Every structure is written in structure tokens, then in C-alpha cells.
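Colleague: Quick one, structure for this:
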Amino acid sequence: MIRTADNRFPFSIGHVAKVTGVAVSTLRSWESQGLLSPYKSDSGHRSYGETHIERVRRIDRMRRVDGQSLSAIRRLLDSEDEAAAPAAAGEDETAVIAFNHLGARVRSLRQEAGLSLRELSERTEIAPSHLSMFERGVAFLSPARLNAIAEVFGRTLAELLGGTKGRDFPVVRRGQGRIVGSFGPGVTIEQLTVSQRLMDAEVWTIDPDRESDGFYAHEGEELIYVLEGSLELALADRDAEALNPGDGAYFNSRIAHRWRNTGTVPAKVLWINTDSDRLSAMTFEKSDRRLGLGAGIGAGIGEGALSVELPDGARTFRVIETHTEGHPTHILIEPLEGLDADSVAAKARQFAERYDALRPLLLHEPRGHSGAFGLVPVASSAADFGAFFIASYGYPGFCGHAVMGYTAALRALGRLAGRSRFTMELPDGIVTVHAGTEDDSDAIALEMPPAIVAEQSCTVALDNGTVEAAIVLCGGCYALIDADAAGLSLTAAHIDPLLAAGETIRTRLNAALPRRRGTRPNVESVLFHSTAEDGTVLQFLAIDRQKFDRSPGVAGLACLLALRCAAGSARPGGRLEAVSLFGGRLAGEISTVTHGTGGAVAVTTRITGRAHLKAIATLIQEAGDPLGSGFLR
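Modeller: Below you'll find the predicted structure:
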């Protein structure tokens, strides 16, 4: 067996016997027959590494399962060693110790990130000289320091150490887990399953006086259960506790914690970590084809069924579904790689280039409909949160009802951390959101971008006469039509005639509006409005011949308030309540009015409404589904 460096390995012969089930006497016999070559110190003390353990398991399997003789096994292993020797001969003589490839992995991550040793040292408070020795495999780092390194590269400690490989059978026999010795002599980890599912399960063996080297924290939650010996555990907000066999602890991993074996014998501990971030990154096709349903309760078809089996090649995508005063928002919470541009607008373009096929899957029939709307959360360097929008017709730059829906989801997920005010970067800019108002803690208010009145009145010719329209810009370009003056009925029973009228108005306005400085306003939607006797406004927003807003229209209400300011019938502080054809309600308040040259008017408003959770869903796309990407009628 080829040794990679003349250094002591971390495992004793007793440990090797324990994890492999091969007696110490047998291990010594195999050594005398040339099957094993452990490291021996000057005093004759044997030590073993991970590769030794794998070799012992292989020899044991070849002897018991395959029935081969020890002499035949030795000849086979010797021939393999000879074949491997030429490749190893040219390697650096300071090669990494076989059990500690972690240093090389950290060096690779550091170089990929463009960090120098000194820069990594400054971020982790680990001496550059110690980091250098660690990367060369001649020094160890404690769990607390390894955790600090993992955080720099956006990884968990388990991910840094490396996970187990998938198995066809869920049972892990005693001593058959993957052994990790990256914390140095005195601490070994047998990984039962790591970085495969939501839970990382390990068995730690910690020698007396070994410790974590201070407090550390990370994402997730963890469970500790002492099997043998004792372990002292301290949380940042509590006194240290001694855990003995049968004792356990369960806590949020974001609470700083440390541990130490204060006993006289090794402590063996079952250690389970759950990473909440991994839950949103898991894809079922990478683990198995079973999709969890939760507990099967009741007498229905799902009684006792905790999962469904997906066909080969099926893909899954998780969403949170909300509605804002009637209109839905499908929020894609499946993490997507490659959305790493500097701005949210640029990330939306990356999505369009790489993931546009997800848009019809998420929004079109048979799952959705032509008017369905989606939102993709992304990180923002300019605001507290970032998001862009997807629709059946493309990528809008702004959508008020979707921002409210996303706010409801953030609140339910605990992402607001008690904040009642935050900012959100959208493709069209940054908006301020209020989660709760003085009168209603569940309300959501948006400080809207300016609504600009481009035309207070222009005439549109229809087949049976003419109507007057106003053109107002607020994230998009809207034509505002007084339904009463146009002789149109704003009721749910008249949606089809309203859509037809809206399509005609939109088309003829876009053909007739005058060019300005080489450009022409492009009317995207038509807002029909009618004022009741109590001053409440009934609103219906027609997007095209088939699409309409189920809510009163967040941007539409801002446009109507701006038009009233331009007409002189409203001023800052004025309020207006809007109702949809289905009963959804929004309230608007005028914040500022700015009069520009040529009669231009820009109005900022605050629109308040409510958004509600409707579902947490996992969308399934089967490989053989001819309509898996959706369709529109």
C-alpha cells in the first residue's frame, strides 16, 4: 500500500477494528502477510487512515463474500499498487495526508474565489501560516474554525467536509458509514448520510479533552444524543450542561454553541443537523423519485400514504401561491443557478435566456391560465429583497399586486424578522413596502413609483361612436376610460364585452397616438372605472382580449389618482377606495404632486391592500408529457 506522506494517521488499530468489525489480531495477521502497511512511529505505535479502513473492508469482503484466499487477495492488491505507483511517483513529496484532503479542497475554493491566504485569514481570524499548513495537509483546524471557512464560501460545515454517496438501500450497517478525520487526532466522524437529504446524520467519537475550540454557529437546527461517555455542551445564552448516555439536546444552530469532552473516556455521540436552506435546494430527482406528502390522515385516498412515486426523468419545482384582492401570484421558490448579475433587471434577462421554459410551466394551462402571474425572488445588493415578474406575455417591469403577494409570503416564512418597513429592488427600480399599517397589522402598503399623466384627454373612435381616454404611465402605459361616460356596464357578467372594448381601444390608441421625439406611447392595458355615490370607484383592468386583472389594479388606482390631481379634483392627502368586479378592495392615498413643463403632472401615491396565502405546491413536469410546458387557449 502506497503512503502519501510520512505523517501519523488519525486512527488507532482499535478504532479500525471497531468500525470494520475485523478483530485486532486479524489486522495484525494481515499486516504480517503484507496486506496492510500502517504508519509506525519510532516507538512502534501503529496509526491508520481512511484508505487503510477502505482496504480492510475490501479484504474482508473478498475473503468472506468472494471466498478468495489471502494469498490471492495479496497478489491482486500488489498488482493494483504497482499499477498506481507510476502515477504517484511524480507527485509533490508534500502531498496531502490521505485522510485529510480537506486542505486541498479549501485551497481550490479559495483560488476560485480569487482570495489570497491573507484575505481568507482576515475573514476567518486564522493565522495565514496556519492556513497554509492546513492547505498543504500538515495541520488541522478545529470545528469552529472550519465552520468559519465554510461560511466564507457559502457552504455548511457538512458540505465542506464532503457528503456521503447515494445508496440503493436506506439501511447503514454498523461501522459502514463514511469516516472523516478532518478535525485531527481525537475526533472522528462516521457519516451515516450527509448532504443527501434534509438531515445530516453522523456518529462522532470524541476523545477526552478534545473540544470545538470555541463557539460557532451556522444555519439549521441540530439534535445531539449521547451514546457513550459524556459531553459538555454550552449555548451562548445558557450555562454549560453535561450530557451523559441517554441525554440529548435540540437547538437552533444559529445560536452560538461549543462542546468539550470533560470525561475520562471517549464520548460517542449521534449528531443530526438539518439545513433549512437545503430544503429549498433539494430536487427529488437527485435523491429518489418519491415526492413527500406529509402525514396521511383521514379516510381519504391519501390515508397512510406519505409520498407518491414520480416517473423516471420527472422534474419538480416548488412554489408558494398567493392572491392579492383576487389576482394570483405564483412565487417560484426553487433555487436556480446562474442568476448572478449585478441588478435585478439583469437577473431577469438571465432568467429569460436560460429558464424561459419555466414560465409557461408555472403560469399556463393546465395549471394556470392566460392571466396568471408569477414572481421570482432573487438577491439584491441595493435593497433588502429583490424580485422580478413573469407573465404569459413576457417580463413586466413592475406589478404591485405581486409585490404584495411576495410580502405575504416573506412574512409567513419569517423572513421579515419583525420589520414593518423594507425595500425591494424590481426591474423598474426600488420600492418601499410597509408590512402592516396603523389601522391594520395585516395590510400591505406600497410607496408607488410616480404616475405620470401623458394625456388628460384624447378621443378614440369606436364602431358605434367615440370615447374619451386618458393616458397615464406607472410602471406601464394605461388608458383610463370612464365606463359610465362610455356607456359600459362594469359587472362580472359583462367581462367579455369589456375585454372586447378594451382590445379595440388599446389597438386604435396605439395606432393613433402622436409620436414624441421619435417614440410613441404603447398602451399596454385599459382601465375602466366608475364612481359610486359614496365615492368608491369600481375598477376593471383589461390587459388584452383574454387577460384581465382579478384585483382592482394597484397601478391602475395610482394612475386614476394621478389623473384626478391633473384635473384639479384631488391633492396631496386625498384618498380613494377601489373595488373590483369580484369584491377585492384597495385604498390609495396621494403623497406628492409635481407639475412640470407643458402641463405634465407626476404623482406619487401609497396603495394599500391585503394578500393571502393560497397554497404551497410542487409542480411536476414528466419527461413524456407532451403538454408538460403548458399551453394557452
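Colleague: Who does the residue nearest to residue 247 when sequence neighbours are not counted form a beta bridge with?
Modeller: Nearest residue to residue 247, sequence neighbours excluded (CB to CB, 6 or more residues apart in numbering): residue 226, at 5.2 Å. (Glycine included, C-beta is placed from N, CA and C.) Under DSSP bridges, the beta-bridge partners of residue 226 are residue 269.
Colleague: Run a quick neighbour tally on residue 226.
Modeller: 20 (other CB atoms under 10 Å).
Colleague: The chain should start at 777 in everything you say after this.
Modeller: Yes, from this point I'll number from 777; that puts the last item at residue 1002.
Colleague: Is it in contact with residue 1009, as I believe?
Modeller: No. With contact defined as CB atoms under 8 Å, residue 1002 does not reach residue 1009; the gap is 9.4 Å.
Colleague: Surely residue 1249 is in contact with residue 1228?
Modeller: Yes. Using CB under 8 Å, residue 1249 is in contact with residue 1228, at 4.6 Å.
Colleague: re the thing from before, residue 850 versus the residue nearest to residue 1023, what's the distance?
Modeller: Note on residue 1002: its distance to residue 850, by CB to CB, to the nearest Å, is 41 Å.
Colleague: can you count the residues close to residue 1158?
Modeller: Residues near residue 1158, counting by other CB under 10 Å: 13.
Colleague: where's it relative to residue 1358, distance?
Modeller: Counting by CB to CB, the gap from residue 1158 to residue 1358 is 36 Å.
Colleague: next one: residue 1024
Modeller: For residue 1024, the distance to residue 1358 - CB to CB - is 52 Å.
Colleague: Kindly report the same for residue 1241.
Modeller: Relative to residue 1358, and taking CB to CB, residue 1241 is found at 29 Å.
Colleague: What values do phi and psi take at residue 921?
Modeller: phi -80, psi -40 (degrees, to the nearest 10).
Colleague: so what pLDDT did it get?
Modeller: For residue 921, the model assigns a pLDDT of 83.
Colleague: if I pick the residue nearest to it when sequence neighbours are not counted, what's in contact with it?
Modeller: Nearest residue to residue 921, sequence neighbours excluded (CB to CB, 6+ apart): residue 902, at 5.5 Å. Counting by CB atoms under 8 Å, 6 or more residues apart in numbering, residue 902 touches 896, 917, 921, 924-925.
Colleague: I'd assumed residue 902 was in a helix, is it?
Modeller: No. With DSSP: H, G, I helix; E, B strand; the rest coil as the criterion, residue 902 is coil rather than part of a helix.
Colleague: Work out for me the element residue 1245 sits within.
Modeller: strand 1241-1249 (DSSP states H and E).
Colleague: buried ones in that strand?
Modeller: 1243, 1245-1249 (16 or more other CB atoms under 10 Å).
Colleague: Likewise for stretch 1253-1261?
Modeller: 1253-1257, 1259.
Colleague: in the stretch 1227-1376 of the chain, which segments are predicted with low confidence?
Modeller: Across the stretch 1227-1376 of the chain, residues meeting the criterion (pLDDT under 70) sit at 1289-1297, 1374.
Colleague: in it, which spans are strands?
Modeller: With DSSP state E, counting those that start in this stretch, the ranges of strands along the stretch 1227-1376 of the chain come out as 1227-1238, 1241-1249, 1253-1258, 1301-1307, 1313-1318, 1351-1355, 1361-1371.
Colleague: Out of those, flag the one nearest residue 826.
Modeller: Proximity to residue 826 (CB to CB) singles out strand 1361-1371 among these, at 62.9 Å.
Colleague: That closest one to strand 1227-1238, inter-axis angle?
Modeller: 110 degrees (axes from the mean of the first three to the mean of the last three CA atoms, to 10 degrees).
Colleague: and strand 1361-1371, which strands flank it?
Modeller: Strand 1361-1371 has these strand partners (DSSP bridges): strand 1351-1355 (antiparallel), strand 1377-1385 (antiparallel).
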